[in-house]
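J.: just a sequence and a predicted model for now, questions to come.
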Amino acid sequence: MSLWTSAAVAAATGGKASADFAISGVAYDSREVGPGDLFVALKGEATDGHRFVAQAFAQGAAGVIVSEPVDGPHILVADTTAALNALGAASRARTEAKIIGVTGSVGKTGTKEALYAALDRAVPGRVHRSVKSYNNHVGVPLSLARMPAETRFGVFEMGMNHAGELDTLTKLVRPHVALVTAIAPAHSAFFSGEEAIADAKGEIFRGLEPGGTAIVPFDSPHRDRLIAAAEPYAAHIVTFGRAPGADVRATEAVRSAAGTLVNVKLPKGHLTCTIGLPGEHWVSNALAVLAAVEAVRGDLAAAGLALGEMSGLPGRGARRTVVLEKGEALLIDESYNANPASMAATIHELGQERATRRIALLGEMRELGEGSAGYHAALAQPLIEARTQAVILVGEGMAPLAESLAGHMDVAHVADAATAKDRLAEMLRPGDAVLVKGSNAIGLARVVQALAGEIA
């Protein structure tokens, strides 16, 4: 079955179809267009998607959405961005799926992927989720537009770096369940403090469907603030965490070679399962997942099995092997993004690794505002507690941390990712465990790819 017909797209967007055609996917990045896709030619500040219409057709696009006539099957609209939003809204309107919205300062993408796996384990092929980190004003409607009509469960990540953004996104997604993973000083350059970040994250509850459920981190210092934000919109509020009083709580958590074995108390029963990914932050993520699965009446047993099968995502915990001349080293790929909370959590996990040496290659954290120097310097204590032998710090923002670590371990402070890669390649020895983490703009993903032998 096709995802959309040209007639349905035209009806949803208020556009005019030049021909009859059917599409199997939707894309706005011409580099991602594949056979059968609908290419949406968006106009942005840096470029105009209409320049890439010919490329989209060459790559097999079945049709395009444009605001000016082109050769080839197309839907002509007044505004392509508005058309993409309208197509996303039409997709949401036609589905009978249970929809889960996920936001938070940390853990959004991992929790979204774990939720997808947990639900798909019971109904394979009937679960849809936003891919990558498509969580903004363009990525969310795109993810909605890609959702097949016969979907049983939809999981959508929603992000923001300014107040008001989530309000718009959640009213487009209209979730039955709205989940906040955690609140931390991410994008704090745009907010007066963590309370303001919590308020902005709490906007996700405004789009809840009638009878919907809000899921809130019980252990967060902003728990009561989030609950207050949810109360006007949620019929049910469920908390998750480790502390007594949480509705979904890990009563026991025992780390083993296979992961973390947890006993979980839920509002309607108990579940014992293994979480395949290491770390206390993954215990928290798993509790949030189980709370959401129960809220949409999913299969908790299948969810428990899926959590045990989870492995790290590229840039978010994937474990890579670096082949050296006389052995191997472990590379922990956390290169996609970083903020103070996620940095501390992954550094702690580095400290749990059995290794000859523990090395951290850390890129500066962006968008932290006036508190940036203090946030960077504060990473010294987690690194010392993790018994880290050496660090390579990338970017000007890492200067306070380099100063704080002087005399505690070997410190190299370099300007860019390319220099960091060369430094690490020179010092790496068999038996080492290396954590690579930093804000995405630093470009540490290429360091991981190079050391894993994927690029030169």
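T.: Arrived safely, thanks for sending.

J.: what's residue 9 sitting at in phi/psi?
T.: With angles defined as degrees, to the nearest 10, residue 9 sits at phi -60, psi -40.

J.: and it, what does it touch?
T.: 15, 17, 23, 38, 63, 65, 75, 87 (Cβ atoms under 8 Å, 6 or more residues apart in numbering). The C-beta positions use only the backbone N, C-alpha and C, and glycine is treated the same way.

J.: measure the closest residue to the third one other than its chain neighbours to residue 14 for me?
T.: Beyond its immediate neighbours in the sequence, the residue positioned closest to residue 23 (Cβ to Cβ, 6 or more residues apart in numbering) is residue 38, lying 4.1 Å away. Distance of residue 38 to residue 14, given as Cβ to Cβ, to the nearest Å: 16 Å.

J.: looking at these two, which is more packed in?
T.: Taking other Cβ atoms under 10 Å, residue 38 and residue 14 do not tie; residue 38 has more neighbours (30 against 13).

J.: what packs against the helix or strand harbouring that one?
T.: Taking DSSP states H and E as the criterion, residue 38 maps to strand 37-40. Helices and strands touching strand 37-40, by 3 or more Cβ pairs under 8 Å, 6 or more residues apart in numbering; DSSP states H and E, are strand 25-27, helix 53-58, strand 63-66, helix 80-94.

J.: any chance you could list what contacts the helix or strand following the third one?
T.: Right, the one you point to is strand 63-66. Next along the chain after strand 63-66, taking DSSP H and E as the criterion, comes strand 74-76. Contact with strand 74-76 is made by 6, 9-10, 13, 15-18, 63-69, 83, as judged by Cβ under 8 Å, 6+ apart.

J.: any of these buried? List them.
T.: Applying 16 or more other Cβ atoms under 10 Å to the contacts of strand 74-76, the neighbour count classes 6, 9-10, 13, 15, 17-18, 63-67, 83 as buried.

J.: need the residues you listed in JSON lines with pLDDT, can you?
T.: Below are the buried ones among the contacts of strand 74-76 laid out as JSON lines (pLDDT from 0 to 100):
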{"residue": "6", "pLDDT": "98"}
{"residue": "9", "pLDDT": "98"}
{"residue": "10", "pLDDT": "98"}
{"residue": "13", "pLDDT": "98"}
{"residue": "15", "pLDDT": "98"}
{"residue": "17", "pLDDT": "97"}
{"residue": "18", "pLDDT": "97"}
{"residue": "63", "pLDDT": "98"}
{"residue": "64", "pLDDT": "98"}
{"residue": "65", "pLDDT": "98"}
{"residue": "66", "pLDDT": "98"}
{"residue": "67", "pLDDT": "97"}
{"residue": "83", "pLDDT": "98"}
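
J.: format those residues as CSV; extra columns: distance to residue 317.
T.: CSV is the format used below for the buried ones among the contacts of strand 74-76 (distance: Cβ to Cβ, whole Å):
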residue, distance to residue 317
6, 41
9, 38
10, 43
13, 39
15, 42
17, 44
18, 46
63, 38
64, 37
65, 36
66, 40
67, 41
83, 37
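
J.: list just the nearest of those to residue 156.
T.: residue 83 (19.4 Å; Cβ to Cβ).

J.: that closest one is in contact with residue 13, isn't it?
T.: Yes: shown here, residue 83 and residue 13 form a contact pair, counting by Cβ atoms under 8 Å, at 4.0 Å.

J.: give me the common contacts of the two.
T.: Any residue near both residue 83 and residue 13 by Cβ under 8 Å, 6+ apart counts here, and that gives 65, 75, 77.

J.: the second one: neighbouring residues, count only.
T.: Put plainly, it is residue 75. The tally of other residues near residue 75 (other Cβ under 10 Å) stands at 28.

J.: which residues does it form a beta bridge with?
T.: In this structure, residue 75 bridges to residue 17, residue 65 when assessed by DSSP bridges.

J.: quick one, grab the pLDDT at it.
T.: If you check residue 75, the pLDDT there is 98.

J.: equivalent analysis for residue 454, please.
T.: Looking at residue 454, its pLDDT stands at 69.

J.: how about the helices in the stretch 51-200 of the chain?
T.: 53-58, 80-94, 108-120, 139-145, 165-173, 194-201 (DSSP state H, counting those that start in this stretch).

J.: from the contact counts, what lies against the second one?
T.: It stands for helix 80-94. helix 6-13, strand 37-40, strand 63-66, helix 139-145, helix 165-173.

J.: need the ones you listed in a markdown table (columns: distance to residue 293).
T.: A markdown table is the format used below for the helices and strands packed on helix 80-94 (distance: least, Cβ to Cβ, whole Å):
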| stretch | distance to residue 293 |
| --- | --- |
| helix 6-13 | 31 |
| strand 37-40 | 31 |
| strand 63-66 | 35 |
| helix 139-145 | 20 |
| helix 165-173 | 18 |
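
J.: any stretches of the stretch 101-250 of the chain with poor pLDDT?
T.: Within the stretch 101-250 of the chain, the segments meeting pLDDT under 70 span 186-190.

J.: quick one, strands of it?
T.: Applying DSSP state E, counting those that start in this stretch to the stretch 101-250 of the chain gives strands spanning 127-129, 153-157, 177-180, 213-217, 236-241, 248-256.
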